[in-house]
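Q: The following block contains a protein sequence and its predicted model.
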Amino acid sequence: MNNKILIFNPRSAKGKHRIPNSILQVGASIFGTYEFVFIDGNLEEDPWNKIKSYFDTGEFKYFCSTVMPGPQLKQAIPFTKKIKEQFPNSITVWGGYFASNQFKVSIESPFVDYIINGPGDVAFPSLINAIETNCHSENNEKSQELLHSALKEIKNLIYLDKNNEIVQTAKETLLDQDSLPSLPYLHLNSFYNLENYLSKTFLGKKTFSYHSSLGCPFTCSFCAVVPIYNGRWKAKSAQSVYNDVLFFKENHGIDAIEFHDNNFFTSRKRVVEFSELIKNDGITWWGEGRIDTIDKYSDEDLLLMKEAGCKMIFLGAETGNDEILKQMNKGGTQTGAGIKKFAERLYPIGIIPEFSFVLGMPADSPEKVMAQIEWDINFIKEIKEINPDAEIIIYLYSPVATEGSELYEQIQKAGFKFPSKLEDWLDPTWENFDLRKNPLTPWLTPPMVDKIMNFETVLNGYYPTASDFRIKGIKKTILRGISKVRYQSGFYKYPYEIKVLHKIWKYRQPEIQGFYSE
């Protein structure tokens, strides 16, 4: 075999797709040093056939896949397994949230060789260098000793040592993001036309997907980001972000941006500077943030953001119950009263708050779990009264608790366990778990789940998401009409008439499929 590298992005959802920033970041780390190809499972009719055709040439040695929880596992697991079976001398490397958070079941499978645990800007090229440097010795035993010695020095790496013990190396300090090499957009364009990634959404006619920072400075116990970044955050400067945006505006005519940062609004100074830079470019944008962070911005800051094109902000409300916020280790100063206040504050400014709620947290008794669910349903309705434009995203609590935390101990005692075998994650129930729509938690009974899901259906009927721009005019009027009595009376059981219309009109829930795009 030669040492070419195949970098794979498994299919994530149906419909129009965004630029695969995760594999672009990996490609940037080895660009100009090793030969590599991109395969995007979202844009391939038969991605396995494409992967196999590359390995059949005998020129490829490395199969590297980003692996997010949920739909990406459908391709990542079987394809990695087949690579190992059909090309046993190949080396497989996984990265992404699933690989890092479920590292034990991943690395103990017989077909995953290495895991990049967090950012791979240094770890990935260092891994390839270590293997390439130590794989040509005639003395295989000596070669393996040298390799394992080199691997121990690479940060952000997980692998099995010669005794099949899991080695998890030290975490790397987050790097200055402006110092990293530019993403190889033109290289990606040689495989897939970049225009195919710029879709029409409710934000604009050509929507660009972008990451401007890594991590989050908070340690919420339910968040998959926490075990990877441990409360750390690093961002590109406002000027660097604007330079990339301007490049895509001038070369591809973009008029909208989805910032997929875990927390875009951490630095007020950076957001204000970016808003000043972009305010005359006619570009609308969306990003994720914290309520108690952005509430510290002045009204002038928020008005500037609105003028600069900020159309919607995704905000982790989680719950209106202060006791549960404490249980979640939400951190900061967020409270139920603060959520209401912020919803009211954004209404006249015209920025849409997209509040996500997590229902179904564990409690001491079934009665308390149900009481918490009912509390948040009523709280959500209060939010809609305060700000009718507010978007509501509802998730069922799916444990990703940090090992060793109080919440982790609580879910373990309640009888919850993750799959012990990697292939078990392919079960459809676990895919829905990762989409946070099927909790598989022992403390949530079917009546509790039904109550949450039925309320969500009625809510999405009475207040259809603005991000699905097909649901407007007569469609919206009909949906609101048939949902009105249910929503106002609190009778949510068996909302089949709403479900039928959602199915006929292919209603798109942004928390599962992203914004509707075409």
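A: The structure has been received and is ready for your questions.

Q: beta partners of residue 258?
A: Using DSSP bridges, the bridge partners assigned to residue 258 are residue 209, residue 286.

Q: residue contacts, it?
A: Residue 258 makes contacts with 18, 201, 203, 207-210, 285-287, 515, as judged by Cβ atoms under 8 Å, 6 or more residues apart in numbering. The way it works is simple: take the backbone N, C-alpha and C, and place the C-beta from them, glycine included.

Q: tally of neighbours for residue 183?
A: By the criterion of other Cβ atoms under 10 Å, residue 183 has 19 neighbours.

Q: mind checking pLDDT for residue 73?
A: In this model, residue 73 is scored at 93, pLDDT.

Q: where's it relative to residue 29, distance?
A: As for residue 73, its distance to residue 29 is 24 Å (criterion: Cβ to Cβ, to the nearest Å).

Q: ok, residue 463 touching residue 385?
A: No. Using Cβ atoms under 8 Å, residue 463 makes no contact with residue 385, being 11.2 Å away.

Q: tell me the SS of the closest residue to residue 464 other than its chain neighbours?
A: Excluding the flanking residues, the one nearest residue 464 by Cβ to Cβ, 6 or more residues apart in numbering is residue 471, at 4.5 Å. Here residue 471 is recorded as coil under DSSP: H, G, I helix; E, B strand; the rest coil.

Q: What of the one 4 residues further on?
A: The three-state label for residue 475, taken from three-state DSSP, comes out as helix.

Q: what do you get for residue 142?
A: Applying three-state DSSP to residue 142 yields a three-state assignment of helix.

Q: What is the neighbour count of it?
A: Applying other Cβ under 10 Å, we find 11 other residues in the vicinity of residue 142.

Q: What residues does it make contact with?
A: Going by Cβ under 8 Å, 6+ apart, the list of residues near residue 142 is empty.

Q: Could you check how far it is from residue 135?
A: Residue 142 is 12 Å from residue 135, where distance means Cβ to Cβ.

Q: And residue 149, by the same measure?
A: From residue 149 to residue 135 the distance is 14 Å (Cβ to Cβ).

Q: So which of those two has more stuff around it?
A: Neighbour totals were compared for residue 149 and residue 135, and residue 135 leads with 15 against 11 (other Cβ under 10 Å).

Q: Tell me the spatial nearest neighbour of that one, not counting adjacent residues.
A: Once flanking residues are discounted, residue 135 sits nearest to residue 143: 6.4 Å by Cβ to Cβ, 6+ apart.

Q: what's the neighbour count on that neighbour?
A: Neighbours of residue 143 using other Cβ under 10 Å come to 15.

Q: Would you agree it is in contact with residue 131?
A: No. Using Cβ under 8 Å, residue 143 makes no contact with residue 131, being 10.0 Å away.

Q: For this structure, give me the ranges with low pLDDT.
A: The chain contains residues with pLDDT under 70 at 1, 15-16, 136-139, 221, 400-408, 432-439.

Q: Show me what whichever helix in it runs longest is packed up against.
A: Looking across the chain with DSSP state H, the single longest helix is helix 366-386. With contacts defined as 3 or more Cβ pairs under 8 Å, 6 or more residues apart in numbering; DSSP states H and E, the packing partners of helix 366-386 are helix 336-349, strand 352-359, strand 391-396, helix 446-462.

Q: I'd like the contacts of residue 258 as JSON lines, with neighbour count appended.
A: Output for the contacts of residue 258, formatted as JSON lines (neighbours: other Cβ atoms under 10 Å):
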{"residue": "18", "neighbour count": "21"}
{"residue": "201", "neighbour count": "24"}
{"residue": "203", "neighbour count": "24"}
{"residue": "207", "neighbour count": "25"}
{"residue": "208", "neighbour count": "25"}
{"residue": "209", "neighbour count": "18"}
{"residue": "210", "neighbour count": "22"}
{"residue": "285", "neighbour count": "26"}
{"residue": "286", "neighbour count": "25"}
{"residue": "287", "neighbour count": "23"}
{"residue": "515", "neighbour count": "24"}
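
Q: Closest one of those residues to residue 419?
A: Nearest to residue 419 among those: residue 18, at 28.4 Å, using Cβ to Cβ.

Q: quick one, what contacts the closest one?
A: 197, 199, 207, 209, 258, 260, 514.

Q: Swap in 10 Å and give it another go.
A: The contact partners of residue 18, taken as Cβ atoms under 10 Å, 6 or more residues apart in numbering, are 12, 42, 197-199, 201, 207-210, 258, 260, 514-515, 517.

Q: and what of residue 135?
A: Neighbouring residues of residue 135 by Cβ under 10 Å, 6+ apart: 3, 61, 91, 143-144, 146-147.

Q: From residue 122, how far out is it?
A: Residue 135 sits 20 Å away from residue 122, going by Cβ to Cβ.

Q: And for residue 174?
A: 11 Å.

Q: how about the helices of the stretch 51-200 of the chain, start to end?
A: In the stretch 51-200 of the chain, the helices defined using DSSP state H, counting those that start in this stretch lie at 73-86, 97-101, 103-107, 123-134, 140-151, 185-189.

Q: so residue 395 touches residue 376, yeah?
A: No. Under the criterion of Cβ atoms under 10 Å, residue 395 makes no contact with residue 376, lying 11.2 Å away.

Q: and those two? which has more neighbours close in?
A: Legend: neighbour count by other Cβ under 10 Å for residue 395 and residue 376, higher for residue 376 (24 against 20).

Q: Please tell me how far that one sits from residue 46.
A: On the measure of Cβ to Cβ, residue 376 and residue 46 end up 44 Å apart.
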